[in-house]
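Asks: here is my input; please provide its structure:
(chains A, B and C, ligands or ions: 4)
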Amino acid sequence: MINLTIDGKQVQAESGMTILQAAKANGIEIPTFCYDPALSKAGACRICVVEVEGARLLAAACVAPIYEGMVVHTNSEKVQKSRRINLELLWANHNQDCLTCEKAGECKLQELCYKYGVTESRFEGKKRNLPIFDDNPFYIRDYNKCINCGKCIRACQEIQINETYDFVDRGFNTHPDTAYRVDLMAKESPCVFCGNCVAVCPTGALTSKINRGTFRTWEVEKKVKTTCTYCGCGCGLELNVIGNKVVRVTPDLSGTTPNEHGALCTKGRFGFDFINREDRLTNPLIKENGKFRKASWEEALDLIASKLKGIADVNGGNSLMFLSSARTTNEENYLMQKLSRAVFKTNNVDHCARL
Amino acid sequence: MNYIETDGVKIVLRNFGKIDPLKVEEYVARGGYESLKKALTAMTPEAVIEEVKASGLRGRGGAGFPTGLKWSFTKKDADQKYIVCNADEGEPGTAKDRLIMTGDPHGLIEGMAIAGYAIGATKGFIYCRGEYTTSINTLNHAINQARENGFLGENLFGTDFTFNLEVRSGAGAYVCGEETALIESIEGHRGMPRFKPPFPGGAGLWGKPTVVNNVETLANVPVILDKGADWYKSIGTEKSAGTKIFILCGNLRNTGALELPFGMTVREVMETYGGGLLTGRDLQMVHLGGAASGIMPPALIDTPLTYEDLQAVGQGLGSGVILAIDDQKDFMSYICSNTHFFEHESCGKCTPCREGTARINEILHRIAAGDGTLEDLDNLKDLGEMMQISALCGLGQAAPTPVLTSLEHFMDKYVEAVSGKKNEVNEEAVATEAIHKSYYEAAPIKLD
Amino acid sequence: MAGLAASFGSGAMTNSISEFSKAKCIFVIGSNTTETHPIISLQIKKAVKYNGAKLIVADPRRIDLIDFADVWMRHKSGTDVALFNGMMHVILKEGLADEEFIKERTEKFDELKAVVDKYTPEYASEITGVPAEDIIEAARIYASAENSSIAYAMGITQHTCGVDNVRSSANLAMVTGNMGKEGTGVNPLRGQNNVQGACDMGALNAVYTGYQKVTLPAVKEKFEKAWGVEGLSDKPGYTVTSSFAAVEEGKVKGMFIMGENPMVSDPNTGHIEHCLKALDFLVVQDIFLTPTAQLADVVLPAATFAEKEGTFTNTERRVLKVRQAINPIGNSKPDWKILCEIATCCGYPMDYANAEEIFEEIASVTPSYGGISYDRIEETGGLAWPCPTKDHPGTKFLHKGKFARGLGEFKGIEWKAPAENPDDAYPLILSTGRSLFHYHTGSMTRRAKALDEYLPKNRVEINPAKAAELGIANGEQVKISTRRGEVVTEAYVTERVPEHTIFLLFHFEEAAANRLTNNALDPVCGIPEYKACAAKIEKIS
Ligand SMILES: Cc1cc2nc3c(=O)[nH]c(=O)nc-3n(C[C@H](O)[C@H](O)[C@H](O)COP(=O)(O)O)c2cc1C
Ligand code: SF4
Ligand code: SF4
Ligand code: SF4
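Replies: Ligands and ions are numbered 1, 2, ... in the order given. Here you go, the predicted model:
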């Protein structure tokens, strides 16, 4: 354990921790942009700078290791001033389109500008002026909103273990893009549209196209943690709900799910909109003369019970077959086999495990 | 190449012009590789480090960090370590390292082998500025000769020390001279600096402990071992031991590179070796140490050229460039050319520098064009000071230095500019960097 | 499944997903992991990129994982057994086997040895088409690594020799002692979200929950007591595939299908359609009017996973929570509620107040789930069975110290050619599989806007040499035919497939791969042969 002072408070923290970790462990929050516990460190955005007594430079808390006797000020005037200018710099090179931005309400830049009272920038001037890349069905890239945190690059490399992006250009024009700036749908692009980059982007630079323009982030009433309905990986995810509609999927970052770092694939993240599709079955249907008609539950259930019982009565329970489903829950599969076995006394129950 | 001869003691340029750099036997004839032999056969690595420490040698790459100390900080237990020579020499106007590499390559090679022995590195890299084709060729030739003569390779001088050396050609960006960006570049990545710590001495090239030293720094080492720390320390001043290569350029009668013991004043050097300004011209300012160093007003030119004296007046020695600018040159044009340089060279990784260098340049151009305000001056100061303490690497930290020092010493010129006086900034020339280079024109920076 | 159970005593994935990233060698065979188990592939790729693991891939197709592989064995479809035997031959010959493990923990090694003996790398190479050096190298890497893991999926099981393939993989793991330790094992990657759970729950013709056999009197008695009924059947029932044959024979007259779409998912669609139409009564319960539902007499609207509570058991045996986010759409209901109502209507009242009550009953009759409860899942994020008691932490990897069946059983297996081989009339091997962008029969993903926009239609992969020979250009319409049917789709000319193989996705009902596939079954576990059947392809002008 290491003893240090943070904001006048004597605290202890584990050796090897960064200032950011030590502060967090002691209930002190330091703002970050480029830091993400799931990713390697960049130390690049410099918003997390703090003052360390005896040091000429401010230290980037996300990468600076703690040491015995260290005295840290996370919110001194010098620190605040640096952060404010940092934000002014970012804001000046931002397209400032909060009103219609998909990210508004959850944008880290917006949040910190609010916190640090940055309402305008003294450094307005030229702006990055790049086309908006709307080159695939899943997400849009608008680097005019990018703050170069590089998280998308690292998420792709370190979570998706892919190498879609790197920084291109230099200096003021630096921004992430694909190698040779090909479209994401191009053959040469390795992107698999998992959206793990979209999930870590702190601004509106990378945003999902699903339900775009139909809701504001703050309208999300609840985020329900659940398990993905697609493949057998069993990834944890959050269904975001407004009214009776699932409007988007966000990662479950609780760290206890099978999908490390809340990583998802393209189906889990972008493939949920079947839930609220118009053509969902909403009523029982009974076929009459080769055509379906709507029916009440009562009618449908009575018909089913009498037909199944009728067949079983005449031909025995073994003349019925119950096809259960690898898509439904354990509870439902349990009831299905119970139905066939306990009610109709047949082991004719199976599902497509073998497919 | 304009080399200015002096009568004083020479260390790193001791062989310059006296031997054929392509002939190892001529280097050996002047005592070459004796220091390496001495180190390997008669000294422990610790003793070598102690000797270098005692000599007071400080890094000649710009930061002036004590070399022996840096070596002693290298992580001890590691399966592999590296010594890397920083020969990127990207500082405008600077051509000192090239003198050594083309004039006395074995001096550098010997220095690296000794450094390798001291820190326990069996492999070295020389990261040489890409445009320096003569340097690269000369070094490769010298490395081959050294290997053939048993000065590089396995079991040197019959000991179990092995040392190999490789030249890597630089990617061409100024920032690649920053040691961690240089490491990234050698590793084959985009030349973007890493955060520190870990310092290269802890985890550098491919994550292994690495010492990065400047060419001139390393070239001092054989002489220190040969003549001893005491002898070395007797040259220069208490805190600035030895000699330094300075480059005189700008509006002086004579320009060129020369090796001098630390301690002469700026004025003495300019007058004694630079021949002073042209008749009828007055000194406007000196830009000392390179693009990222301070702007010195005439009032300070009696400061001795030492680390300590310059620091005391808020200036720095940098790479050793002494750029004299007379009163015929336009002040704002010079400042703008300098800020343009940094906007262009920022690697783009961290916010303060990527955005800040662009805004400083933008504001200065606005001021120069007569559209500035007094607030702009405050904003420049705020922004510059923030970059100094918040940028990730030395580039962004130092980029505002010329602006901040000139704001301090030449406020009147700025006030004049924001009060409506239109300057004749040659925008096109600034934009093409030509103007920035033109200030160094008189200097011997024609590339190989 | 049947294969692994015979070798080890349990058919499930032996180790957990996160352990892949800790393995020093991973041998992936018959799994296009990046597309079918994307998140598991992240662990495999991570092992290679950040943990120095070696990756061996055996696959006839040039799947994306090959970019990360140290050795790629492009074996002919249906020759897996020969490949495994060849590797084991090398391992035994070069003394790379784990003698102690074989002695202490397994039986019938001699039987294996006798068979493997003749599978020299050269002989295996002849059958598989993989260069002998590659088989040797793969064997050495797999056997020498500190811990080696095997992962496979449908590419191994979906053959008439599926069980043989699986048992061969078990042989390989046991020969090298790569069992019962972290980052080792034999890991069948199960395809659908809850295929493991459906099996665990006894939605299988021969077992109750937790693989308790219907034929055992004690088990029968236990369930009779638990369910308050008498006369539970002790005869195994029909499997999905055999049930269709039974329909044809007039033995099965009524069918209740919950959330399945055999019209698209099952082999030989023509045959399935014929059978479903022959039924006296068909109920289909689903979320959309699938091709199967369209044939039903009664269709019941079910709720999606977003509209109900419950649990899924993922491929690593971990029981995970499904939580309700929205109300069931329209008048739809969760499947469990519908089942309760049907049972009640049929005179067997089922009145569970919620899914949790059902789960409690499951835990009470299923030893391996005995210690799992909703509360514990909430606390831990999910528990992997076996978890017999309330204080049991769950089981990350199986067979530690001892196999579930006691000793691991080797079985010497000879390679057998696939049921249907290419001939003059049908000269190509047709293989079917999945895409990253769609799921199973496509009933959900085809309705997800972005996914369907990305991949709106099927296409058949064909090797450039073969395409040139047949005068087929990329993007052209082609007709694929087999002895069972034809499909018209677009040609995708690519090196991904070897010269004599074509590959078709099965998610698209309008170009349904299963109109073409063979319903020949593995004699032991009844898995149809999707991965290899004889086909021909021609350009349509
Ligand atoms: C932007 C930037 C450029 C630099 N360029 C060089 C260079 O060209 N040559 C050099 O030796 N050092 C350069 N340095 C300094 C190196 O980072 C490093 O401090 C030096 O190589 C250490 O060697 P020394 O201790 O021998 O001086 C540069 C630093 C920065 C921040
Ligand atoms: S969507 Fe996935 S694969 Fe594509 S760039 Fe983002 S992280 Fe990489
Ligand atoms: S696109 Fe987003 S994640 Fe990527 S660098 Fe820009 S702000 Fe960061
Ligand atoms: S200070 Fe400039 S050069 Fe250095 S890391 Fe930041 S952007 Fe790059």
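
Asks: what is the neighbour count of the residue lying closest to residue C:339 once chain neighbours are set aside?
Replies: In this structure, residue C:339 finds its nearest non-sequential neighbour in residue A:335, 4.2 Å apart by Cβ to Cβ, 6 or more residues apart in numbering or on different chains. C-beta: built from backbone N, CA, C; applies to glycine. Residues contacting residue A:335 under the criterion other Cβ atoms under 10 Å in any protein chain shown number 31.

Asks: residues in contact with residue A:335?
Replies: By Cβ atoms under 8 Å, 6 or more residues apart in numbering or on different chains, residue A:335 lies in contact with C:335-336, C:339-340, C:343, C:350, C:358.

Asks: do you know the pLDDT at it?
Replies: pLDDT for residue A:335: 95.

Asks: tell me who's in contact with the residue in chain A positioned nearest to chain B.
Replies: As assessed by Cβ to the nearest Cβ, chain B sits closest to residue A:174 within chain A, at 2.7 Å. With contact taken as Cβ under 8 Å, 6+ apart, residue A:174 is in contact with A:148, A:167-168, B:347-349, B:354.

Asks: so which of the residues you listed are in strands?
Replies: A:167-168 (DSSP state E).

Asks: just the buried ones from the contacts of residue A:174?
Replies: A:148, A:167-168, B:347-349, B:354 (16 or more other Cβ atoms under 10 Å in any protein chain shown).

Asks: if we check ligand 4, which of these are in contact?
Replies: For ligand 4, the contacts drawn from those by Cβ under 6 Å from any ligand atom are B:347-349, B:354.

Asks: can you give me the end-to-end distance of stretch C:412-425?
Replies: One end of stretch C:412-425 to the other measures 35 Å (Cα to Cα, to the nearest Å).

Asks: and stretch C:302-313, by the same measure?
Replies: Counting by Cα to Cα, the terminal residues of stretch C:302-313 are separated by 20 Å.

Asks: residues contacting the closest residue to ligand 2 within the stretch 101-250 of chain B?
Replies: Closest residue of the stretch 101-250 of chain B to ligand 2, Cβ to the nearest ligand atom: residue B:190 (17.7 Å). With contact taken as Cβ under 8 Å, 6+ apart, residue B:190 is in contact with A:166-167, B:184, B:347.

Asks: which strand or helix spans it?
Replies: Assessed by DSSP states H and E, residue B:190 sits outside every helix and strand.

Asks: how much space between it and residue C:516?
Replies: Note on residue B:190: its distance to residue C:516, by Cβ to Cβ, to the nearest Å, is 49 Å.

Asks: with residue C:362 instead?
Replies: Distance check for residue C:362 against residue C:516: by Cβ to Cβ, it reads 39 Å.

Asks: for the residue nearest to residue C:98 when sequence neighbours are not counted, give me phi and psi.
Replies: Nearest residue to residue C:98, sequence neighbours excluded (Cβ to Cβ, 6+ apart): residue C:177, at 3.0 Å. With angles defined as degrees, to the nearest 10, residue C:177 sits at phi 70, psi 20.

Asks: show the pLDDT at residue C:177.
Replies: 89.

Asks: try residue C:301
Replies: Reported pLDDT for residue C:301: 96.

Asks: next, count neighbours for the closest residue to chain C within the stretch 201-350 of chain B.
Replies: Using Cβ to the nearest Cβ, residue B:207 is the residue of the stretch 201-350 of chain B that sits closest to chain C, at 12.8 Å. Neighbours of residue B:207 under the rule other Cβ under 10 Å: 13.

Asks: that one and residue A:229: what is the separation?
Replies: In terms of Cβ to Cβ, residue B:207 sits 42 Å off from residue A:229.

Asks: I'd like the contacts of residue B:190 laid out as a markdown table, including distance to ligand 1 and pLDDT.
Replies: Formatted as a markdown table, the contacts of residue B:190 follow (distance: Cβ to the nearest ligand atom, whole Å; pLDDT from 0 to 100):
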| residue | distance to ligand 1 | pLDDT |
| --- | --- | --- |
| A:166 | 21 | 94 |
| A:167 | 17 | 94 |
| B:184 | 12 | 95 |
| B:347 | 9 | 95 |
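
Asks: if we check ligand 3, which of the residues you listed are in contact?
Replies: Counting by Cβ under 6 Å from any ligand atom, no member of the contacts of residue B:190 reaches ligand 3.

Asks: just those residues now: which is nearest ligand 3?
Replies: Lowest distance from ligand 3 to these (Cβ to the nearest ligand atom) belongs to residue A:167, with 8.2 Å.

Asks: wait, doesn't that closest one sit right on residue A:149?
Replies: No - counting by Cβ atoms under 8 Å, residue A:167 sits too far from residue A:149 to count as a contact (11.0 Å).

Asks: so residue 111, which of the three states?
Replies: No chain specified, so I'll use chain A. With DSSP: H, G, I helix; E, B strand; the rest coil as the basis, the three-state label of residue A:111 is helix.

Asks: for it, grab the count of nearby residues.
Replies: For residue A:111, using other Cβ under 10 Å, the count is 13.

Asks: could you check the pLDDT of it?
Replies: Predicted confidence (pLDDT) for residue A:111: 96.

Asks: distance-wise, check it relative to residue A:24.
Replies: 17 Å.

Asks: so for the spatially closest residue to residue B:344 that is not a sequence neighbour, what's the pLDDT?
Replies: Using Cβ to Cβ, 6+ apart and skipping the chain neighbours, the partner closest in space to residue B:344 is residue A:171 (6.2 Å). Looking at residue A:171, its pLDDT reads 92.

Asks: what do you get for residue C:531?
Replies: Model confidence at residue C:531, expressed as pLDDT, equals 61.

Asks: how about the contacts made by residue C:77?
Replies: Contacts of residue C:77 by Cβ under 8 Å, 6+ apart are C:60, C:418, C:429, C:431, C:501, C:531-532.

Asks: mind checking which of those residues are in helices?
Replies: Among the contacts of residue C:77, DSSP state H puts none in helices.

Asks: just give the nearest non-adjacent residue to residue A:17, would you?
Replies: Nearest residue to residue A:17, sequence neighbours excluded (Cβ to Cβ, 6+ apart): residue A:66, at 5.5 Å.

Asks: would you map out the domains in chain C?
Replies: C:2-189, C:195-384, C:428-539 (automatic domain parsing).

Asks: which of those sits most buried?
Replies: Mean neighbours per residue, mean count of other Cβ atoms under 10 Å in any protein chain shown, is largest over these for domain C:2-189, with a mean of 23.

Asks: relative to residue A:307, how far out is the residue of chain A most remote from its centre?
Replies: Largest separation from the mean C-alpha position in chain A: residue A:314, at 54.9 Å (Cα atoms, centre = their mean). As for residue A:314, its distance to residue A:307 is 11 Å (criterion: Cβ to Cβ).

Asks: in chain B, where is pLDDT below threshold?
Replies: Scanning chain B for pLDDT under 70 picks out B:1, B:421-448.

Asks: and it, what are its domains?
Replies: B:24-233, B:243-326, B:331-440.

Asks: and the shortest one, end to end?
Replies: Taking Cα to Cα, domain B:243-326 runs 27 Å from one end to the other.

Asks: for residue 320, what are its contacts?
Replies: Because you didn't say which chain, this covers chain A. Neighbours of residue A:320 in contact, by Cβ under 8 Å, 6+ apart: A:308, A:311-312, A:340, A:344, A:346, A:348, C:252-256.

Asks: should've been chain B
Replies: By Cβ under 8 Å, 6+ apart, the contact list for residue B:320 reads B:60, B:94, B:96, B:244-247, B:289.
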